[in-house]
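> Structure of the sequence below:
(2 chains)
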Amino acid sequence: MKNKTIVAFAAAGIVGAGCASMTMSDEQAAAKALAMLKVSFKDRGQAKVDRLDQDEAQRVCSQFSEKPLPKEVAERLQSEQLALITYPADGKYLGDWKRGERIAQTGTGMQFSDNPAIPSGANCYACHQLTKAEVSFGTIGPPLYNFGKLRGFTPEMQKYAYGKVYNSHAFAACSNMPRFGQKHILTEQQMKDVVALLMDPDSPVNK
Amino acid sequence: MNSIPRIASALCFLGALAASPAFAQRSAVEEIERYRAALGDGNPAELWEARGEALWKERRGPKNASLERCDVGLGPGVVKGAYTVLPKYFADSDKVEDLESRLVTCMVTLQGFTPEQAKKDPFGDPGKKVPMDALVAYITGQSRGMKVSVAGSHPREVEAYEIGKKIFFFRGGPHDFSCASCHGMDKQRIRLQDLPNLLNKDDAQKAYGGWPAYRVSQGEVRSMQWRLYDCFRQQRFPELEFISPASIALTMFLAKNANGGVFDAPSIKR
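Model prediction:
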């Protein structure tokens, strides 16, 4: 009797193992995908294969791409990312909105086809409406027309805008928006210029 | 061939449109659609298809053999409809292969090229025509008007699909982008360019069924392998290697999501 039970358990184990190999678990599929990516790309120019090494935010956000992000995971990610923001030492957040507009219009930077000596753009218009004059804007992000006018031209809002450009995940875990400061896409001055585009009362964004 | 002046006039009109803030957003999108329709009049991809057919039949390589006995999906020598079943698992190579990978396999086994020789020039450039683009145009042209029908049922195909899905959602690089950053939501645009949601059946069918394509702005027929290579470039990833396993797994994911859609390829795009 006892032997029969053991045989039955062993058989169930074999069937179970067989099924597991047919349908991979989520973790197995992710591990196989990573291993496959590592042998499928090569260094080119400034884009090295170490760009496939995910940080914690990238790993977690990939994992939860197909399912809702649990509240506690989102809160943990946001507080971790918030702690990574370095605000300007001079306490000033507004640069030159005219330079900010050029940065918002520029879509190049950090591709292997780009010259690394040329500063990256932020490509804001790819995803956001910003000014009335520019009709060629994308819709992945919310419209930002009248950003400062609607929220108030306060120092707190300037600081929020700077932080959002620096690390969007600090305020919306797994946002689609790049972390321009965290990942060294833009310099501090460039981020100030972009904040000015959003927050300067004279900027066409607020006209 | 009166399509060139028509393209030029469409471009001029677009230029005037962009300069005039009086035009509303929606009308700009409509005008771009009109421009695309005008492009459809004459498709230079036909030149690639003709060159590809000649190359398919030409004796080449150390074995001085043609590709006419190549099994591109429906058995040796069958080109009609073969692209509709790709990618698929091939027992002879023991790999899941897409069209480009399969052509390389046949150039090696039938014509005697080394894998390095067969893979050397994956994409053409103005002034440099490569056999691969022409062969891809010819084979895919033989599935024009037919439905995508990827089986995806062999265990290796199931595995490729599941891995391809993970690759689609893989966020990395300095910009944190994945394929899903731009192609995972309905009715999104980058600038004025509509983005297909490749997780939505209708969009996936239209998008996948439109590649390969003659790119007017580049003057080249671009393959699915090129489409992925250039997407990853814009994603700020390193360089995707031609017919790499990740490229084929991702293609399996995209192709199976497009099952039932009609191939309109090689199509013509901006």
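> Residue A:81 sits in which helix or strand?
Assessed by DSSP states H and E, residue A:81 sits inside helix A:71-82.
> neighbours around residue B:237, how many?
Using other Cβ atoms under 10 Å in any protein chain shown, residue B:237 is surrounded by 27 other residues. All C-beta atoms are positioned from the backbone trio N, CA, C, and that covers glycine.
> likewise residue B:116?
A count of nearby residues for residue B:116, using other Cβ under 10 Å, gives 8.
> Run the chain-centre distance for the helix holding residue A:81.
14 Å (Cα atoms, centre = their mean, to the nearest Å).
> Pull the residues that contact it.
With contact meaning Cβ atoms under 8 Å, 6 or more residues apart in numbering or on different chains, helix A:71-82 is reached by A:56-57, A:60-61, A:64, A:163, A:167, A:169-174, A:179, A:182.
> 10 Å - rerun?
The contact list for helix A:71-82 (Cβ atoms under 10 Å, 6 or more residues apart in numbering or on different chains) reads A:56-57, A:60-61, A:63-64, A:68-70, A:163, A:166-175, A:179, A:182.
> likewise stretch B:49-67?
B:43, B:45, B:68, B:70, B:72, B:77, B:79, B:103, B:106-114, B:117-118, B:129, B:131-142, B:144, B:221, B:266.
> Give me the phi and psi for residue B:195.
phi -110, psi 120 (degrees, to the nearest 10).
> Which of the helices or strands spans the residue nearest to the spatial centre of chain A?
Residue closest to the average C-alpha location in chain A (Cα atoms, centre = their mean): residue A:178, at 3.7 Å. For residue A:178, there is no host helix or strand (DSSP H and E).
> export stretch B:150-163 as CSV, just CAs?
The C-alpha coordinates for stretch B:150-163 follow below in CSV (Å, rounded to 0.1, in the frame of the first residue of the first chain):
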residue,chain,number,x,y,z
VAL,B,150,1.7,31.2,-38.2
ALA,B,151,1.2,27.8,-36.5
GLY,B,152,3.2,28.5,-33.3
SER,B,153,2.3,25.1,-32.0
HIS,B,154,5.6,23.2,-32.0
PRO,B,155,7.2,23.3,-28.5
ARG,B,156,10.1,25.3,-29.8
GLU,B,157,7.6,27.8,-31.5
VAL,B,158,5.7,28.1,-28.2
GLU,B,159,8.9,28.8,-26.4
ALA,B,160,10.0,31.4,-29.0
TYR,B,161,6.6,33.1,-28.7
GLU,B,162,6.8,33.3,-24.9
ILE,B,163,10.4,34.6,-24.9
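> What mean pLDDT does it get?
Averaging pLDDT along stretch B:150-163 yields 97.
> go on, stretch A:107-123?
In the prediction, stretch A:107-123 has an average pLDDT of 98.
> what distance separates the start and the end of it?
Stretch A:107-123 has an end-to-end distance of 4 Å (Cα to Cα, to the nearest Å).
> That stretch and chain B in contact?
Yes - using Cβ under 10 Å from any Cβ of the partner chain, stretch A:107-123 reaches chain B at A:107, A:109-114, A:120, A:123.
> ok, back up a step: going through the contacts of helix A:71-82, which ones are buried?
Among the contacts of helix A:71-82, those buried by neighbour count (16 or more other Cβ atoms under 10 Å in any protein chain shown) are A:57, A:60-61, A:63-64, A:69, A:163, A:166-170, A:173-175, A:179, A:182.
> so which of the residues you listed also contact chain B?
Within the buried ones among the contacts of helix A:71-82, those near chain B by Cβ under 10 Å from any Cβ are A:57, A:60-61, A:63-64, A:168-169, A:174-175, A:179, A:182.
> Now the buried members of the contacts of stretch B:49-67.
Buried, going by 16+ other Cβ under 10 Å: B:43, B:45, B:70, B:72, B:79, B:103, B:106-111, B:113, B:118, B:131-142, B:221, B:266, out of the contacts of stretch B:49-67.
> Surely residue B:166 is in contact with residue B:252?
No - at 11.9 Å, residue B:166 does not count as touching residue B:252 under the criterion of Cβ atoms under 10 Å.
> How about the contacts made by residue B:153?
B:88-89, B:161.
> Could you dump the ones next to chain B among the buried ones among the contacts of helix A:71-82 into TSV with pLDDT and secondary structure added?
As requested, those are exported to TSV (pLDDT from 0 to 100; DSSP: H, G, I helix; E, B strand; the rest coil):
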residue	pLDDT	secondary structure
A:57	98	helix
A:60	97	helix
A:61	98	helix
A:63	96	helix
A:64	96	coil
A:168	98	helix
A:169	98	helix
A:174	98	coil
A:175	98	coil
A:179	98	coil
A:182	98	coil
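> next one: stretch A:99-114 to chain centre, how far?
16 Å.
> again with stretch A:88-98
22 Å.
> quick one: contacts of it?
For stretch A:88-98, using Cβ under 10 Å, 6+ apart, the contacting residues are A:87, A:100, A:102-104, A:148, A:153, A:155, A:157-163, A:165-166, A:188-206.
> Show me which helix or strand of the chain is least confident by mean pLDDT.
Just so you know, I chose chain A. Counting by mean pLDDT, DSSP states H and E, chain A has its least confident helix or strand at helix A:2-22, which shows a mean of 42.
> center of chain B - which residue?
residue B:224 (2.4 Å).
> quick one, what contacts that residue?
B:83, B:86-87, B:98-100, B:136, B:140, B:208, B:211-213, B:247, B:250-251, B:254-255, B:265.
> can you rerun that using 8 Å?
Residue B:224 touches B:98-100, B:211-212, B:251, counting by Cβ under 8 Å, 6+ apart.
> which residues in the stretch 1-150 of chain B form helices?
Here the stretch 1-150 of chain B has its helices, by DSSP state H, counting those that start in this stretch, at B:3-19, B:25-39, B:45-57, B:99-109, B:115-119, B:131-141.
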